[in-house]
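K.L.:
With the input below, show me the fold.
(one chain, ligands or ions: 1)
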Amino acid sequence: MGDCKFCGKPAGFLRGAHKVCEFLHNEAKNKIISLVENAGSQGGNLPSLEKNINEEAISGYIDKTKANQLMVEGWEKAVERAFDDGVLTDDEESSLTELMAHFSLSQAELDKNGAYSKIVKGAVLRDIFEGKIPERVKVDGNLPFNLQKTEKIIWVFQDVEYYEQKKKTQYVGGSQGVSIRIAKGLYYRAGAFKGERVETHETIHADTGLLGVTNKHIYFSGGAKSFRIRHDKIVSFEPFSDGIGLQRDAATAKPQSFVTGDGWFTYNLITNVAQL
Ligand SMILES: [Zn+2]
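P.N.:
Got it, this is the predicted structure:
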């Protein structure tokens with residue numbers, strides 16, 4: 001006779017759990033995730049949420065550690081939902097941070113799949129859409145960028161792979177290759193970035209380094225190459241799943257691209273900062 005791993009009572013010959021206990025356990029797990037997801041999306045009464053979670057945990061034989069994991073999962077889902085319908089709003093951001101504080105969920109736990117970073121990124125984009133220069137990045141140490149007097153760092157991507165196109169794109173005929181500047185405040189959802197990756201047979205990995213975005217320039221600083229590009233010298237941007245491509249406004253300029261690992265954020269950030 002084995003004991004049920006949930007209720008601890010005899011479960012029968014060669015059985016590790018009662019079917020009913022397993023069912024209750026799974027039900028309670030889903031319930032906790034969705035309770036937290038809803039509170040993270042719409043806000044809510046946190047003490048009563050806590051009471052509900054404790055009740056679910058008891059009825060579903062869920063211990064403290066497991067309950068915590070499930071809350072993190074619910075929080076991650078709420079972040080996903082917040083971005084599904086567009087830009088992260090102030091309200092969505094406060095619900096998520098209040099939830100985090102109330103249950104003492106740690107930044108490290110919430111960021112193991114990048115969800116915590118995503119709300120920071122969402123807040124940065126929201127500032128830019130509202131015409132504000134975001135001040136949400138603290139830099140430890142000195143950046144290798146020679147900033148101008150009134151220039152402000154908005155974001156720094158680390159370990160960015162920089163690619164150059166081998167040759168200038170040849171356009172056949174006169175009407176192709178027209179670059180269209182994107183409109184102000186255009187926001188692309190994560191789903192729009194399923195496409196290609198930066199690296200192709202046409203590109204050369206030229207360097208790896210820091211990519212800084214300020215209110216005036218894009219800076220790149222690597223072991224071999226360092227340069228900055230003024231936002232208004234860029235004529236077109238190309239979204240990639242893992243980064244961004246850009247074309248400078250110069251007859252000799254070859255397309256350049258940067259792999260940041262997050263095409264959604266990089267593209268929304270750089271194209272909209274350029275409009276500030
Ligand atoms: Zn049982």
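
K.L.:
what does the chain put close to the ion?
P.N.:
4, 6-7, 18, 21 (C-beta under 5 Å from the ion). No exception for glycine: its C-beta is placed from N, CA and C like everyone else's.

K.L.:
And the strands in the stretch 101-250 of the chain?
P.N.:
Listed in chain order, the strands found in the stretch 101-250 of the chain under DSSP state E, counting those that start in this stretch are 153-165, 203-214, 217-222, 226-230, 234-239, 243-248.

K.L.:
mean pLDDT lowest for which of the ones you listed?
P.N.:
The weakest mean pLDDT among the strands of the stretch 101-250 of the chain belongs to strand 234-239, with a mean of 88.

K.L.:
Parallel or antiparallel, which strands does that one pair with?
P.N.:
In its sheet, strand 234-239 lies beside strand 243-248 (antiparallel), with partners assigned from DSSP bridges.

K.L.:
Show me what the next helix or strand after the strand it pairs with is packed up against.
P.N.:
Proceeding C-terminally, strand 243-248 gives way to strand 256-259 as the next helix or strand, assigned by DSSP states H and E. On a contact count with 3 or more C-beta pairs under 8 Å, 6 or more residues apart in numbering; DSSP states H and E, strand 256-259 meets strand 153-165, strand 243-248.

K.L.:
can you state the direction angle for the shortest one and strand 153-165?
P.N.:
When axes from the mean of the first three to the mean of the last three C-alpha atoms, to 10 degrees is applied, the directions of strand 243-248 and strand 153-165 differ by 80 degrees.

K.L.:
Residue 94 touches residue 43, doesn't it?
P.N.:
Yes: between residue 94 and residue 43 there is a contact at 7.4 Å, judged by C-beta atoms under 8 Å.

K.L.:
Read off the pLDDT value for the residue most central in space within the chain.
P.N.:
Averaging the C-alpha coordinates of the chain gives a centre point, and the residue nearest to it by C-alpha atoms, centre = their mean is residue 118 (3.4 Å). pLDDT for residue 118: 93.

K.L.:
can I assume it is in contact with residue 79?
P.N.:
Yes: using C-beta under 8 Å, residue 118 is in contact with residue 79, at 5.6 Å.

K.L.:
can you pull the contacts of residue 46?
P.N.:
With contacts taken as C-beta atoms under 8 Å, 6 or more residues apart in numbering, residue 46 has the following neighbours: 39, 98-99, 102.

K.L.:
so what are the domain limits for this protein?
P.N.:
If the domains of the chain are taken from automatic domain parsing, they occupy 2-129, 153-273, with pieces of a single domain joined by a plus sign.

K.L.:
so how far is the last one from its chain's centroid?
P.N.:
Just to be clear, that refers to domain 153-273. 18 Å (C-alpha atoms, centre = their mean, to the nearest Å).

K.L.:
Look at it and report the distance between its end residues.
P.N.:
Criterion C-alpha to C-alpha, to the nearest Å; first-to-last residue distance in domain 153-273 is 11 Å.

K.L.:
Put the buried members of the contacts of residue 46 into a ChimeraX selection.
P.N.:
Buried subset of the contacts of residue 46, written as a ChimeraX selection, criterion 16 or more other C-beta atoms under 10 Å:
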select :39,99
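
K.L.:
Generate CSV for the contacts of residue 46, with secondary structure as supplementary columns.
P.N.:
Formatted as CSV, the entries for the contacts of residue 46 read as follows, by DSSP: H, G, I helix; E, B strand; the rest coil:
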residue, secondary structure
39, helix
98, helix
99, helix
102, helix
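
K.L.:
show me where the protein has helices.
P.N.:
If you assign secondary structure with DSSP state H, the helices in the chain sit at 19-42, 46-59, 64-84, 90-102, 107-110, 115-129, 263-273.

K.L.:
What residues sit buried inside the shortest one?
P.N.:
Neighbour-count burial for helix 107-110 flags 109-110 (criterion: 16+ other C-beta under 10 Å).

K.L.:
does residue 91 really touch residue 40, like I thought?
P.N.:
No: Residue 91 sits out of contact with residue 40 when judged by C-beta under 8 Å, with a separation of 11.2 Å.
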